[in-house]
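Engineer: Coordinates for the following, if possible.
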Amino acid sequence: MYVSHLQLVDFRSYEDVLLELGPGVSAFVGANGQGKTNLVEAVGYVATLGSHRVSSDTPLIRRDAPRAVIRTKVVRDERSMVVDLELNPGRANRARINQAAAGRPRDVLGILRTVLFAPEDLALVKGDPGERRRFLDDLLVARAPRMAGVRADYDRVLKQRNALLKSASGRMFQQRSAPDLSTLEVWDAHLAETGAELLAARLALVARLRPLVARAYAGLTDSGGPAVPSYRCSAEPDGGEPDVDRPQLVDILRSAMAEARDRELRRGVSLVGPHRDELHLQLGGLPAKGYASQGESWSYALSLKLAAFDLLRADGDDPVLILDDVFAELDSERRRRLAERVRDAEQVLVTAAVPDDIPEELDGVRFAVGAGVVGRE
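Structural biologist: Numbers count the residues shown, from 1 in each chain. Predicted coordinates for the structure are as follows:
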């Protein structure tokens, strides 16, 4: 799988740019602020319908432009598909596949798969649990696009349940009377059903990732280790990993919600479910967050992404690997090891501020990026 053409119209700093790409390594080189990350951000957006830099689409639209367009041609098994995404601030985005309108933007998920690593991904190790939950869920969607619907259903049910809890909590304190919980119990059942499906998928995913992360970390550095990710479930009293059995997980979630009922009513928020779970990262038997050095944290974050790449590759196709300004943050030995690790990927997109940041093992096509202009060297 690779991107053969990328066109951006009013996306970030680009009024209109068209690039021809191919398999192998393509490096975008230019000073900071010239727009090289905007290019790979657009590729990543097609794969995930989100940016790795911002949480909303508005900053992706060029100033004073009414909309932005990302157009990619994706080649897979010698067949190509053209994906058009129109980003409309304040209105629904639109998508087209081979010139035909898609029913909804998320219908394009699965056409292009990417694994992107950027400086922001250090938050996978040093950031809050939400960063690690998002990593798991994005990988679930990359492997099985239908999981985007599962995640959306869970978020919808959670939002409704939280609204009911907040309302019930307010009545308890203002009227000092017991609230009617019959409606809440209905949403408990919905949350347990949708939550169990998401939880089962996450548990199976972490089990698959665990040996891949350990191997990737050992290949990047001799420092620390072993790297061991595990899943901490908020519905389990000891925070352990339950068995991946969906009916059993439904019962576990319902039981945990019943046990947490008084606390949830006092606080007006759901305290049990996948939205409260944690991907726990251990390094050498200690929590990576707070104990790992800067270099070890970088290696761990990279290992998570390399494990994701290996898992997607095992599904049948190499995802496009994107390394956004990564090598400047690594010492020479980690640079060399990472380059050797990824150079056989079908397509690698690299950004760098200076040519010397790119290891010689990743020799390929280079593009000079400056002042909104992209030229092949």
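
Engineer: C-alpha from now on. contacts and neighbour counts both.
Structural biologist: OK.

Engineer: State the pLDDT value of D153.
Structural biologist: Looking at D153, its pLDDT is 96.

Engineer: Strands of the stretch 251-377 of the chain, start to end?
Structural biologist: Along the stretch 251-377 of the chain, the segments classed as strands by DSSP state E, counting those that start in this stretch run 278-283, 286-287, 320-324, 347-352, 365-370, 373-376.

Engineer: Against which helices or strands is the fourth one packed?
Structural biologist: So the one you mean is strand 347-352. strand 24-29, helix 36-48, strand 320-324 (3 or more CA pairs under 8 Å, 6 or more residues apart in numbering; DSSP states H and E).

Engineer: Tell me how many other residues crowd D243.
Structural biologist: Counted with other CA atoms under 10 Å, residues neighbouring D243 total 11.

Engineer: Could you check how far it is from V373?
Structural biologist: D243 sits 53 Å away from V373, going by CA to CA, to the nearest Å.

Engineer: can you check A148 too?
Structural biologist: Look at A148 and V373: by CA to CA, they are 35 Å apart.

Engineer: neighbour-wise, which of these two wins?
Structural biologist: Neighbour totals were compared for A148 and V373, and A148 leads with 19 against 16 (other CA under 10 Å).

Engineer: Mind picking out the helix or strand in this protein with the poorest mean pLDDT?
Structural biologist: None of the helices or strands of the chain scores lower by mean pLDDT, DSSP states H and E than helix 147-175, at a mean of 86.

Engineer: any chance of the strands of the stretch 251-377 of the chain in JSON lines, plus mean pLDDT and distance to E131?
Structural biologist: Shown next, in JSON lines, are the strands of the stretch 251-377 of the chain (pLDDT from 0 to 100; distance: least, CA to CA, whole Å):
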{"stretch": "strand 278-283", "mean pLDDT": "96", "distance to E131": "9"}
{"stretch": "strand 286-287", "mean pLDDT": "94", "distance to E131": "16"}
{"stretch": "strand 320-324", "mean pLDDT": "95", "distance to E131": "18"}
{"stretch": "strand 347-352", "mean pLDDT": "96", "distance to E131": "23"}
{"stretch": "strand 365-370", "mean pLDDT": "93", "distance to E131": "30"}
{"stretch": "strand 373-376", "mean pLDDT": "88", "distance to E131": "32"}
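
Engineer: Quick one: closest of those strands to E20.
Structural biologist: Proximity to E20, assessed across those by CA to CA, is greatest for strand 373-376 (9.6 Å).

Engineer: Buried residues in whichever strand or helix holds L199, which are they?
Structural biologist: For L199, the host element (DSSP states H and E) is helix 182-220. By 16 or more other CA atoms under 10 Å, the buried positions in helix 182-220 come out as 184, 187-203, 205-206, 209-210, 212-220.

Engineer: what sits up against stretch 325-332?
Structural biologist: Contact with stretch 325-332 is made by F117, A118, P119, G295, W298, R335, V350, T351, A352, A353, D357, I358, as judged by CA atoms under 8 Å, 6 or more residues apart in numbering.

Engineer: scratch that, stretch 262-276
Structural biologist: Stretch 262-276 is contacted from outside by 133, 158, 161-163, 165-170, 191-192, 195, 198-199, 233-235, 253, 256-257, 260, using CA under 8 Å, 6+ apart.

Engineer: Which among these count as buried?
Structural biologist: Buried subset of these (neighbour count, 16+ other CA under 10 Å): 133, 158, 161-163, 165-166, 168-170, 191-192, 195, 198-199, 233-235, 253, 256-257.

Engineer: residues in contact with S234?
Structural biologist: Going by CA under 8 Å, 6+ apart, S234 touches L271, V272, G273, P274, R276, D277.

Engineer: confidence score at it?
Structural biologist: 93.

Engineer: do the one 5 residues further on as well
Structural biologist: If you check G239, the pLDDT there is 76.

Engineer: if I look at it, how far off is L304?
Structural biologist: Counting by CA to CA, the gap from G239 to L304 is 22 Å.

Engineer: any idea how far the closest residue to V83 other than its chain neighbours is from R104?
Structural biologist: The shortest distance from V83 to any non-neighbouring residue, by CA to CA, 6 or more residues apart in numbering, is to I97 (4.8 Å). Distance from I97 to R104, counting by CA to CA: 11 Å.

Engineer: who has more neighbours, the two?
Structural biologist: I97 (19 against 12).

Engineer: That one pairs with what?
Structural biologist: Under the criterion DSSP bridges, I97 forms beta bridges with V83, A100.

Engineer: Help me confirm that R134 is found in a strand?
Structural biologist: No. Counting by DSSP: H, G, I helix; E, B strand; the rest coil, R134 is not found in a strand; it is helix.

Engineer: Quick check: it vs V141, distance?
Structural biologist: 10 Å.

Engineer: of these two, who's got more company?
Structural biologist: V141 (20 against 14).

Engineer: wait, isn't the more buried one in contact with A148?
Structural biologist: Yes. Counting by CA atoms under 8 Å, V141 does reach A148; the two are 5.6 Å apart.

Engineer: which is the next helix or strand following the helix holding L199?
Structural biologist: Sequence-wise, the next helix or strand downstream of helix 182-220 (DSSP H and E) is strand 227-232.

Engineer: tell me the angle that following strand makes with strand 278-283.
Structural biologist: With axes from the mean of the first three to the mean of the last three CA atoms, to 10 degrees applied, the angle from strand 227-232 to strand 278-283 works out at 160 degrees.
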